[in-house]
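Fold the following and give me the result.
(chains A and B)
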Amino acid sequence: MTSIESTDIVVVGSGFGGAIAAYYLAAGGARVVVLERGPWLSSDDFDHDFLLGSSYTRAFDFTIGDGMSVLGGNCVGGGSVVYFAAMPRAPRFVFERQGSLGRRMWPAGIARDTLDPWYDRVAEALSVTRQSWDEVPYAGGLFAAACHRAGRTANPVPTAIDYERCTNCNWMIAGCRFDAKQSLLLNYLPGALAHGARIRALHEVQRLSRNDDGGYRVHYRLVDGEDYRVYGDSGAIDAKLVVLAAGAGATPVILKRSEPGLGAMPHAVGRYFSGNGERLNHAIVDEERARELLGLPRDVAAYRAYQIGKGPSVASWDRLDGNLPEFTRYSLEQLYFPPGLGTVLAQVPDATGPAWFGLEKKEMLRSWQSWLTVFIMSEDDNEGVFGPPPAAGNADRISQQMLGRGTLSYQPSPNTLRGWALADADVRDILERDGLARVAPWTNDLVGAYTVHPLASCRIGDDPATSALDDRHELRNHPGIFVTDGSAVPGALTVNPASTIAALAERAIPGIARAAQERGVPVKLGAPPPVAQTSAARPVPQPA
Amino acid sequence: MPPPSPDLDAAQVMSLEAYADTILPGAKRAPHDHAIAGACATPGAVAAGALDLLRWEATGFAGVLDTLADGINHHALAYAQDRELELGEALPPFVALSFSDRTALVQALTTPGHPEHEMWVGLALFCYMAYDSAAHLSTAEALAAGHPGLTAMGFAGPEPDGLWRFPRYSYQRELARPHPFTSSTGSPA
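Reported below is the predicted structural model:
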């Protein structure tokens, strides 16, 4: 019989939820193994290249569902490697949301004030800073000026970017070549490694089973480093405690597949998925009108700078007002989305023929440098439900990397649709005023709605009927299994969620450590946040 | 693991090219180019390399291209029969359709609810990627070679080391008032 490796704690996934848990638990003295299904890439691997097989397709997944497609990280560091580093905290009213439950969906113990100390720790570790107007790229500047002209406010968003290193290359979705973006590869994960944690890439966890001693066996399969459709050997690790953080698109799939070995899952596992109410609009800016109306000349044109920058830089938060009814609140954020996925869904404003392909669309592509993307993050209705798990992983992979077909079903409710319609109209009001731009939303007819911030598919809450986890992030009826990724967030946040996911993971650590202690793991608390590796802390490379 | 790319006959290649040309139309390569309808004077998805990308096993479509080519022709025949269009036998049915009929058929196949919606959308996605991101080529090399899609979009090129940098990137002006309830950390209150 083959001997099974054992450790104290297995962490499944290495994004915000996994890396933070791995760091503190390893720093506290536990033996920690992190299993990550994606590859382990570092800055030299982060290509400026759309070629299939470059980091642009290696590091993230695009999983098509029925009515909702999900983009998420697929590498060591998870979403933090491919994210745009926008790190706002969720507004106060979000924690009072009821959704369609008719009662508060968040646990009673969590509010903005009680989460702020945990947000502070994340901000320290990732060097989150307020962005100055000097750092705001042209696209954010143009959006801000348009907001101002329309009587709106606009804020440079707080980001986890080292501006001294940033080149405004806008390749951050493929990983940051310059280590300007503060991914988890620069803080929590090296901190975890320094304390003895082991990270195993290309290990895709398939299911858990329970051992006689009350611990768990984590079953994985190896994944080929180039063609993710190809699986290698299977293996397993025994652990006294498991932290699941495979992402909101994968964590519930692993748990549902584990039911034969673990018993029934709480009702909310794989339900209440939220796409963070996300939706995109594209504007085609009239360069002459931009010059006349906004007074924003560049050397070549008023704008023509879609390609330049660092993802989102400016957001308008006028609708983040707790006095407004639920499902009518949203933020509008300027965003860059690269070609490949960022063009096919864009629609021709006022098209006379097909809006997403054909002659008029090709003509629209000619003005690509004058595009402006506006990202809507609203309050959706937690409509998403996962179907039965696929044979392996969380999707049937179509392409060697990136593209797969998952089991998520999402039919937007009238509440969600109303919020999107309000936000669409608001974007048009800001940008079409006096002919500044022409605007159309992305189509939902090709891959359904879409989200880069999947949430809530295994959420915390006080009500066992509508939450999979208690307020300490422990899976109901399955002691010793904790979930700390975006799936634990109860619902849409109306802003970029990375900061909140990370703060919740930070908040969950003391409870996980206590549970580990009760299971005989000698783990101590008290480690400070990991040291951020910014320009100030690192030697600047000298030219040869 | 999908099957390897099958050998495609000339009719199948023409049919797939005609599909790509419907997604992002282009100029004919020669006067008797039937696959490309010639609806546009500048190069389109075919010239950008749609077939090169689709034939690459990495996409996951290479092994089913023959099925897709035959499928689009099957739909074209039915489309023509419904409208009593004479297609002749010299060309594959989809290629024999006019550009506007090709467009109408692709629109029908990619409308939500069509039983083959996902397949035709997937094919369109890779036709797009050949044009808007040259996913079958190194981006820097594609730009240097004047790739038609990236060039038409005005995609700026890299610095000599192959990496992108934009030293000038900001208007460097305060262009809006911040929200009055912004917290001390720069977040919504």
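
got the residues of the stretch 201-350 of chain A near chain B?
A:227, A:229-230, A:296, A:298-299, A:304-305, A:307-309, A:314, A:316-318, A:320, A:331, A:338-340, A:343-344 (C-beta under 8 Å from any C-beta of the partner chain). Where C-beta positions appear, they are placed from N, C-alpha and C, glycine not excepted.

Now list the buried members of those.
Listed as buried from those are A:227, A:229, A:296, A:298, A:304-305, A:307-309, A:314, A:316-318, A:320, A:331, A:338-340, A:343-344; burial here means 16 or more other C-beta atoms under 10 Å in any protein chain shown.

What about the residues you listed, which are in helices?
Residues of those located in helices (DSSP state H): none.

The longest helix along chain B and chain A, any residue contact?
Counting by DSSP H, the longest helix found in chain B is helix B:65-83. No. If you take C-beta under 8 Å from any C-beta as the test, helix B:65-83 misses chain A, and the best it gets is 13.4 Å.

which strands and helices sit next to that helix?
helix B:10-23, helix B:93-96, helix B:99-109, helix B:117-132 (3 or more C-beta pairs under 8 Å, 6 or more residues apart in numbering or on different chains; DSSP states H and E).

redo that, cut-off 6 Å
helix B:10-23, helix B:93-96 (3 or more C-beta pairs under 6 Å, 6 or more residues apart in numbering or on different chains; DSSP states H and E).

buried sites along it?
Neighbour-count burial for helix B:65-83 [16+ other C-beta under 10 Å]: B:65, B:66, B:68, B:69, B:71, B:72, B:73, B:75, B:76, B:77, B:79, B:80.

Same question for stretch A:419-434.
Under 16+ other C-beta under 10 Å, the buried positions of stretch A:419-434 are A:419, A:420, A:422, A:423, A:424, A:426, A:427, A:428, A:430, A:431, A:432.

Tell me the confidence at the first one?
When you say that, I think you mean residue A:419. Per-residue confidence (pLDDT) for residue A:419: 98.

distance of it from chain B?
17 Å (C-beta to the nearest C-beta, to the nearest Å).

Quick one: residues in contact with the host helix or strand of that residue.
Using DSSP states H and E, residue A:419 sits in helix A:414-431. For helix A:414-431, the external contacting residues (C-beta atoms under 6 Å, 6 or more residues apart in numbering or on different chains) are A:146-147, A:150, A:279, A:281, A:283, A:327-328, A:330, A:374, A:376, A:378-381, A:437, A:439, A:441.

In space, what's closest to the spatially most central residue of chain A - neighbours in sequence excluded?
Central residue of chain A (C-alpha atoms, centre = their mean): residue A:453, 4.0 Å from the mean position. Closest residue in space to residue A:453, ignoring its immediate chain neighbours: residue A:276 at 4.1 Å, by C-beta to C-beta, 6 or more residues apart in numbering or on different chains.

Am I right that that neighbour sits in a strand?
No. Going by DSSP: H, G, I helix; E, B strand; the rest coil, the assignment for residue A:276 is coil, not a strand.

Local confidence estimate at it?
Reading off the model, residue A:276 has pLDDT 98.

The one 5 residues further on now?
Residue A:281 carries a pLDDT value of 98.

now swap in residue A:514 and tell me
pLDDT recorded at residue A:514 is 98.

List the buried residues in the host helix or strand of it.
Element membership for residue A:514, per DSSP H and E: helix A:498-518. Buried residues in helix A:498-518, counted by 16+ other C-beta under 10 Å: A:498-509, A:512-513, A:515-517.

And stretch A:451-463, by the same measure?
A:451, A:452, A:453, A:454, A:455, A:456, A:457, A:458, A:459, A:460, A:461, A:462.

C-alpha coordinates for the lengthiest strand in chain A, CSV please?
Ranked by residue count under DSSP state E, the longest strand found in chain A is strand A:231-244. Output of strand A:231-244 as CSV, limited to C-alpha atoms (Å, rounded to 0.1, in the frame of the first residue of the first chain):
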residue,chain,number,x,y,z
TYR,A,231,-3.9,15.1,-16.4
GLY,A,232,-1.1,13.1,-14.8
ASP,A,233,-1.0,11.1,-11.7
SER,A,234,-3.4,11.2,-8.8
GLY,A,235,-2.3,11.7,-5.2
ALA,A,236,-3.6,12.6,-1.7
ILE,A,237,-2.5,14.4,1.4
ASP,A,238,-3.9,13.9,4.9
ALA,A,239,-4.4,17.0,7.0
LYS,A,240,-5.9,17.8,10.4
LEU,A,241,-7.6,20.8,9.0
VAL,A,242,-8.3,22.1,5.4
VAL,A,243,-8.6,25.7,4.2
LEU,A,244,-10.5,25.8,0.9
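
now the angle between helix A:498-518 and that strand, please.
80 degrees (axes from the mean of the first three to the mean of the last three C-alpha atoms, to 10 degrees).

Next secondary structure after strand A:231-244?
Heading C-terminal from strand A:231-244 (DSSP H and E), you reach helix A:251-257.

which residues are contacting the longest helix of chain B?
B:6, B:8, B:12, B:15-16, B:19, B:87, B:92-94, B:97, B:105, B:123.

Swap in 8 Å and give it another go.
B:5-6, B:8, B:11-13, B:15-16, B:18-19, B:54-55, B:61, B:85-87, B:92-94, B:96-97, B:101-102, B:104-105, B:108-109, B:116, B:119, B:123 (C-beta atoms under 8 Å, 6 or more residues apart in numbering or on different chains).

on that earlier part again, for the residue nearest to residue A:453, list the residues it contacts.
So residue A:276 contacts A:377, A:380, A:451, A:453, A:454, A:455, A:492, A:493, A:497 (C-beta under 8 Å, 6+ apart).

what residue ranges in the chain are flagged as low confidence?
Picked chain A for this. A:1-2, A:533-544 (pLDDT under 70).

Hmm, no, I was thinking of chain B.
Looking at chain B by pLDDT under 70, you get B:1-5.

how about a cut-off of 80?
B:1-6 (pLDDT under 80).

ok, back up a step: could you work out the most separated pair of the buried residues of stretch A:451-463?
A:452 and A:462 (28.8 Å; C-beta to C-beta).

The closest residue to residue A:469 other than its chain neighbours and residue A:482, how far apart?
Nearest residue to residue A:469, sequence neighbours excluded (C-beta to C-beta, 6+ apart): residue A:460, at 4.5 Å. For residue A:460, the distance to residue A:482 equals 11 Å [C-beta to C-beta, to the nearest Å].

Overlap of the contact sets of the two?
With C-beta under 8 Å, 6+ apart, residue A:460 and residue A:482 have common neighbours A:469, A:473.

what's the burial count for residue 130?
Answering for chain A, as no chain was given. 16 (other C-beta atoms under 10 Å in any protein chain shown).

Wait, chain B was what I had in mind.
Residue B:130 has 28 nearby residues by other C-beta under 10 Å.

measure it to residue B:52 for me?
Taking C-beta to C-beta, one finds residue B:130 at 7 Å from residue B:52.

Kindly report the residues of the stretch 51-200 of chain A close to chain B.
Checking the stretch 51-200 of chain A against chain B by C-beta under 8 Å from any C-beta, the hits are A:51-53, A:64, A:88-92, A:119, A:123, A:128-131, A:133-138, A:141, A:144-145, A:147-148, A:152-158, A:167-171, A:177.
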